[in-house]
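Novice: quick check, what structure comes out for this input:
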Amino acid sequence: MAFGTAHTPLAVRMRPRALDEVVGQKHLLAPGSPLITLAHESSGGEQASGAVSIILWGPPGTGKTTLAQAIAHSSGRRFVELSAVTAGIKDVRTVMERALNDRDLYGVSTILFLDEIHRFSKAQQDALLPGVENGWVTLVAATTENPSFSVIAPLLSRSLLLTLEQLEDKDIEAVVRRAISDPRGLADQVSITDEAVLAIAQLSSGDARRALTALEAAASSALAEVDENAHDPEEPEIPVITDEVVARSVNRALLRYDKNGDEHYDVISAFIKSIRGSDPDAAIHYLARMIEAGEDPRFIARRIIISAAEDIGIADPQALGIAVAAAEAVQLIGLPEGRIPLAEAVVYLATAPKSNAAYRAIDLAIADVRAGKIGRVPTHLRDAHYSGAKKLGHGAGYKYPHDAAMGVLRQDYLPEELQEKTYYNPTDHGHERTVSERLEKIRRITRGK
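Specialist: Residues are numbered from 1 along each chain as shown. Got it, this is the predicted structure:
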């Protein structure tokens, strides 16, 4: 028994031929959206008002190439595909010249799909400008990197940027089930259990191409097992893809991890507590479990930022900056490379000195405000810039700290009812030890104690 067309991967065979076959990205496929408009335009030489060039930005396997080809097939226009990995300026100019001739001589417009445009140099991207600006081609470019950093400004300003979202598990499940039954796919030559569908969705991390590759490998494994154990060649047994077959065929353990269930909360709780407890090995372990289970890396990055602010704070002022930088890096490069800055931030946070003094300070202050302990802003601190403020005494008696030799002077800043309040109490950990010593001196001056 053989599956599909020889040497043609399942992911290629199952690529949608029209926009209505596309799974996911509903926010881009609503009636009247730019993609729908572009797909249903006439193939004539004169571009309609909606024939705007488009840049598709999203993680791998979310359908960038699929959308471009579906648009071309739906619109009936000439479709040319280039990859920035192999194409050069000469290739781009050849496409532009052919597109101009086709438009002027035959009334045929061209869609140029450029995959991985972020790999083009500035000079190569400049070569696209005349064709895009003059309407010789409608450019549909795809990138996994932030176009603000990887696409030149003139090209970006002439194109509409559309962001593709990572596919949800339900989208991946739909892709897998369609591939099982579709004649272009496995044509019901195998069956699959619900558990196996969930396993493939879990292992794919929102990447439809990865899911179909895993399905093809699992189908081949199931077929091999049936052939090995076959007893009656005239009545062949239909191979069944189970979650065990999936695990063996992709050589990865199926993690017990429900992104909407208890395991999700248990693992993220253990992750945060391991960072707080200064155990980088445990923290990295739980990070790996989340990544391998297909957890959204942006969710992980947000939790790392919160940990830096809540558990480290001023004990290491660089921690928050490193956490934010890791989150931005993940947003820019995605997975799998994004695991590296995430790991770097996790190790830094786990080994950094800890303090929750700033976290406790804001919570204590909020508790007082909610309890009505607020008081009036001292008169000398009130705004004195508007007309009539000085008549009310606003700003009168305010002392400008920069006029003092040390930059600090005796002055009341809290409302009168809260003069004795202390919200921020620094620890002796890391940088906060220096802050503690300095703050003690400052308070002796500002509060006169």
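
Novice: so where do the strands sit in the stretch 101-250 of the chain?
Specialist: With strands called from DSSP state E, counting those that start in this stretch, the stretch 101-250 of the chain shows them at 110-115, 137-143, 159-163, 191-192, 240-241.

Novice: and the second one, what's its mean pLDDT?
Specialist: Averaging pLDDT along strand 137-143 yields 89.

Novice: residues contacting the spatially most central residue of the chain?
Specialist: Per C-alpha atoms, centre = their mean, the C-alpha nearest to the average position across the chain is that of Q331, at 4.5 Å. Residues counted as contacts of Q331 (C-beta atoms under 8 Å, 6 or more residues apart in numbering) are N146, R298, A301. Where C-beta positions appear, they are placed from N, C-alpha and C, glycine not excepted.

Novice: scan this structure for its longest helix.
Specialist: Determined from DSSP state H, the single longest helix within the chain is helix 208-228.

Novice: can you name every helix or strand that it contacts?
Specialist: helix 10-13, helix 169-181, helix 194-204, strand 240-241, helix 243-250 (3 or more C-beta pairs under 8 Å, 6 or more residues apart in numbering; DSSP states H and E).

Novice: return the residues in contact with S221.
Specialist: With C-beta under 8 Å, 6+ apart, S221 has these contacts: V245, R248, S249.

Novice: hmm, I typed the wrong one, I wanted A301.
Specialist: A323, A326, A327, V330, Q331, L342.

Novice: which of the residues you listed sit farthest apart?
Specialist: Based on C-beta to C-beta, the longest span within the contacts of A301 runs between A323 and Q331 and measures 13.0 Å.

Novice: report pLDDT for the residue lying closest to L335 once chain neighbours are set aside.
Specialist: In space, and not counting its chain neighbours, L335 is closest to P297: 5.6 Å by C-beta to C-beta, 6 or more residues apart in numbering. pLDDT, P297: 88.

Novice: same check on the one 10 residues further on?
Specialist: Looking at S307, its pLDDT stands at 96.

Novice: over to T86?
Specialist: What the model reports as pLDDT for T86 is 87.

Novice: list phi and psi for it.
Specialist: Dihedral pair for T86: phi -110, psi -20, per degrees, to the nearest 10.

Novice: ok, now which ones touch the closest residue to P59 other than its chain neighbours?
Specialist: Distances taken as C-beta to C-beta, 6+ apart place G334 nearest to P59, at 4.8 Å, with adjacent residues excluded. Going by C-beta under 8 Å, 6+ apart, G334 touches P59, P60, T144, P297.

Novice: got a list of what V175 touches?
Specialist: V175 is in contact with M14, V23, L167, A208, A211, L212, counting by C-beta under 8 Å, 6+ apart.

Novice: who's in contact with the first one?
Specialist: Read it as M14. V175, R178, A179, D182, R184, G185, L212.

Novice: find the nearest non-adjacent residue to the fifth one, please.
Specialist: The spatially closest residue to R184, leaving aside those adjacent along the chain, is R13, at 4.7 Å (C-beta to C-beta, 6+ apart).

Novice: so what's the residue count around that neighbour?
Specialist: 18 (other C-beta atoms under 10 Å).

Novice: related to what we said a few turns ago, most neighbours out of the contacts of V175, which is it?
Specialist: Most neighbours among the contacts of V175, by other C-beta under 10 Å: A211, with 28 neighbours.

Novice: contacts only, for it.
Specialist: By C-beta under 8 Å, 6+ apart, the contact set of A211 is G61, I172, V175, V176, I200, A201, L203, S204.

Novice: quick one: the nearest residue to R339 once chain neighbours are set aside and A301, what's the gap?
Specialist: Spatial nearest neighbour of R339, chain neighbours left out: I291 (5.5 Å); criterion: C-beta to C-beta, 6+ apart. I291 sits 12 Å away from A301, going by C-beta to C-beta, to the nearest Å.

Novice: please apply the same query to I268.
Specialist: Distance from I268 to A301, by C-beta to C-beta: 12 Å.

Novice: next one: V267
Specialist: Here V267 is placed at a distance of 15 Å from A301 (C-beta to C-beta).
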